[in-house]
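1. pasting the sequence and the predicted model now:
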Amino acid sequence: MKKDLAALLQNNPEFDLSIYKILNDKQLESLENNIVLFLHGKTLDMGTKDLSILLLKELLCTLSQQELLPKTIILSQKTVLCNQRESEFLHFFRLLEQKNIEILTCKTSAEYYKINNNIPIGRFAGMEEIIEKLFHASKIIQW
């Protein structure tokens, strides 16, 4: 049947076949608002450490007060250190988690910094899941 249809379309230029997937409002909204905030920590190594920490705190504090929020926050590289029990960032992560934001900590980075048993917020994610989140995001914001 596929071959018959393909032959019909190829041999008759007056035919045009278009296939569209119709999304309902909920699916469309989910696609539009699938924002991922990817915190990789490169800014923590640049310039003044105190300024970098202050900026990251301000980012998380301001973000926790916004209406438009990311669906997921991914902590990678040095930012995994922000998700520890004694971290000064923990309060902001709790506020964001209460707003149903998924908080993922890169498992490889956590193992590198030897904190793989000490994350109080969110959960660990392997590289496969992180890549999937990034590829399916409508927007990726890096910091």
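-> Looks like it came in fine.
2. quick check: buried residues in the longest helix along the chain?
-> If you go by DSSP state H, the chain has its longest helix at helix 49-63. Buried residues in helix 49-63, counted by 16 or more other C-beta atoms under 10 Å: 52, 56, 59-60, 63. Placement of C-beta: from N, CA and C, glycine included.
3. go through the residues you listed and name the one nearest residue 79.
-> Ranked by distance to residue 79 (C-beta to C-beta), the buried residues of helix 49-63 are led by residue 56 at 7.6 Å.
4. my guess is the closest one meets residue 81, correct?
-> No. Using C-beta atoms under 8 Å, residue 56 is not in contact with residue 81, being 10.9 Å away.
5. centre of the chain to the helix or strand where residue 37 lies, how far?
-> Element membership for residue 37, per DSSP states H and E: strand 35-39. Mean C-alpha position of strand 35-39 versus that of the full chain (C-alpha atoms, centre = their mean, to the nearest Å) differs by 4 Å.
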